[in-house]
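Undergrad: after the sequence you'll find the predicted model.
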Amino acid sequence: MSGNEHDQGPRAGPPEIAEAVSVLLIADPGKPTALAHKLAKKLPERLRHRDRNERRWTVSVRSEPYLSDEQADFADAIDAVEPSSENDDVVVYLTDLPRRDDTVPVVADVSAAHLFALVSIAAVGGIRIEDRVRAVAELAIAFVLGEPTLAPAGAQRRFPSQQIDSGTRYFAPRGLRRLRLLSGMVRANRPWRLVTGLSKVLVGAFATGAFALATNTIWQFADTMGPWRMSAATSLSITAMVLWLVLDHQLWERPTSPNERERSVLYNTATVVTLVIGVLVLHVALFGLLLLTASIALPPPLLSSTLGHAVSFSDYLTLAWLLASIATLGGALGSGLEDDTAVTDAAYGIRQRQRIEQTQKRSTKAQ
């Protein structure tokens, strides 16, 4: 058995007694691939538990992008993957592309004739993503094999379906569908990777804040600005940082036709939300570092002599708040020094163009 293959089921007795069913999970690189490996560890046991025939289930994973467009027809997806060329009984393709039918998010397209399912992980939302994608995958496998008992309880009711030319289409659960899709896209962007990738920005921003800490004028500003002005300064610094990242790394998607306008809005919204989350976490990290630095470097008597009143811990909190805002503005300039990969991974449009280039290269090699 390969390192990417997982199985579960009865081992006793001759092979002909324990029939084997193999499932291949094909996944786009990144979040879908990581999710596929998690599913591969749990699917065999879950399917065997509901399998009345007590077959031996085997699940393997392959990371490879096939679709260049989230709106590609399901028939084109079948032609691109060619599930009939695989040795596995069922092929499930996991993609982070936000597939939609008009404006309704599509969680899966399933073809029993081709033993194939295309699952969009973005459409399931941004929370409990592993459980939801696993439920969709199990529902798709049950449909492909014509065995409803393999599907999780209530899954058929939770995901509305309709017939399409190439099979059956399952939609996201009713209620807040567009918000669910957007949150799923942001989760697929993995904003925490943006934070860890902006190491040079963090260092540059901290240096800016530490330099400002040595100026007693900043102490007086922090003492007199008040919460509203401080909040405005924080909002301004975060907005400046996000705008700089978008412009400097060319993350903004511009529609080339009226038909692409809605997609561009969706992509740009997901990118901006991802960047805002990443910058907010960076801002909080700066606040903590500068609060620690101020507490160590500025003894209360020194700060009190400048402010003209006794100081408390709240004065250090206010000072660190202002310094973090100043440091974030300084970090925006430092973001131009950062490796593009750390930032562009947070943009759906950039990854879309990379996916198109990869599929075009594969098509060229195939020819």
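TA: Cool, the structure landed.
Undergrad: and stretch 123-137, what's buried?
TA: Neighbour counts over stretch 123-137 (16 or more other C-beta atoms under 10 Å) mark 123-126, 129, 132-137 as buried. C-beta: built from backbone N, CA, C; applies to glycine.
Undergrad: make a markdown table from those residues and add pLDDT, distance to residue 303 and secondary structure to it.
TA: Below are the buried residues of stretch 123-137 laid out as a markdown table (pLDDT from 0 to 100; distance: C-beta to C-beta, whole Å; DSSP: H, G, I helix; E, B strand; the rest coil):
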| residue | pLDDT | distance to residue 303 | secondary structure |
| --- | --- | --- | --- |
| 123 | 89 | 53 | helix |
| 124 | 88 | 51 | helix |
| 125 | 85 | 47 | coil |
| 126 | 83 | 43 | coil |
| 129 | 88 | 47 | helix |
| 132 | 91 | 51 | helix |
| 133 | 93 | 53 | helix |
| 134 | 94 | 55 | helix |
| 135 | 93 | 56 | helix |
| 136 | 94 | 57 | helix |
| 137 | 95 | 59 | helix |
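Undergrad: need the max-distance pair from the residues you listed.
TA: The span of these, defined through C-beta to C-beta, is set by 126 and 137 at 18.0 Å.
Undergrad: can you list contacts of stretch 295-308?
TA: With contact meaning C-beta atoms under 8 Å, 6 or more residues apart in numbering, stretch 295-308 is reached by 213, 216, 219-220, 223, 310-311, 315-316, 319.
Undergrad: switch to 7 Å and redo it
TA: In this structure, residues lying in contact with stretch 295-308 by C-beta atoms under 7 Å, 6 or more residues apart in numbering are 213, 216, 219-220, 223, 310-311, 315-316.
Undergrad: next: stretch 21-37.
TA: With C-beta under 7 Å, 6+ apart, stretch 21-37 has contacts from 39-40, 43, 55, 57-65, 81, 86, 88-96, 121, 130, 133, 141, 188, 190.
Undergrad: list buried residues within these.
TA: Buried among the contacts of stretch 21-37 (16+ other C-beta under 10 Å): 39-40, 43, 55, 57-61, 63, 65, 81, 86, 88-96, 121, 133, 141, 188, 190.
Undergrad: so which of these sit within helices?
TA: Per DSSP state H, helices hold the following members of the buried ones among the contacts of stretch 21-37: 39-40, 43, 81, 133, 141, 188.
Undergrad: which one in those is the model shakiest on?
TA: Taking pLDDT as the measure, these have their low point at residue 188 (76).
Undergrad: look at the nearest residue to residue 90 once chain neighbours are set aside and tell me its secondary structure.
TA: Nearest non-adjacent residue to residue 90, counting by C-beta to C-beta, 6 or more residues apart in numbering: residue 23, 4.8 Å away. When classified by DSSP: H, G, I helix; E, B strand; the rest coil, residue 23 comes out as strand.
Undergrad: tally of neighbours for residue 23?
TA: Applying other C-beta atoms under 10 Å, we find 26 residues neighbouring residue 23.
Undergrad: same check on residue 183?
TA: By other C-beta under 10 Å, the residues close to residue 183 number 19.
Undergrad: and it, which helix or strand is it part of?
TA: Taking DSSP states H and E as the definition, residue 183 sits inside helix 177-189.
Undergrad: which strands and helices sit next to that helix?
TA: Helices and strands touching helix 177-189, by 3 or more C-beta pairs under 7 Å, 6 or more residues apart in numbering; DSSP states H and E, are strand 104-111, helix 261-297.
Undergrad: going by neighbour count, list what's buried in it.
TA: For helix 177-189, the buried set under the neighbour-count rule, 16+ other C-beta under 10 Å, comprises 177, 180-189.
Undergrad: for stretch 263-281, same thing?
TA: Buried residues in stretch 263-281 (16+ other C-beta under 10 Å): 263-264, 266-268, 270-281.
Undergrad: with stretch 66-76 instead?
TA: For stretch 66-76, a neighbour-count test (16+ other C-beta under 10 Å) marks 66-68, 70, 72, 74 as buried.
Undergrad: tell me which stretches of the stretch 101-250 of the chain form helices.
TA: 129-145, 155-158, 177-189, 191-197, 199-213, 216-224, 226-248 (DSSP state H, counting those that start in this stretch).
Undergrad: in TSV: those, plus distance to residue 103.
TA: What follows is the helices of the stretch 101-250 of the chain, written out as TSV (distance: least, C-beta to C-beta, whole Å):
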stretch	distance to residue 103
helix 129-145	20
helix 155-158	20
helix 177-189	7
helix 191-197	25
helix 199-213	36
helix 216-224	47
helix 226-248	25
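Undergrad: mean pLDDT lowest where, among these?
TA: Taking the mean pLDDT of those, helix 191-197 comes last: a mean of 73.
Undergrad: just the buried residues of it, please?
TA: Buried residues in helix 191-197, counted by 16+ other C-beta under 10 Å: 191, 193-195, 197.
Undergrad: check which helices and strands it sits against.
TA: Applying 3+ C-beta pairs under 7 Å, 6+ apart, one finds that helix 191-197 contacts helix 261-297, helix 340-344.
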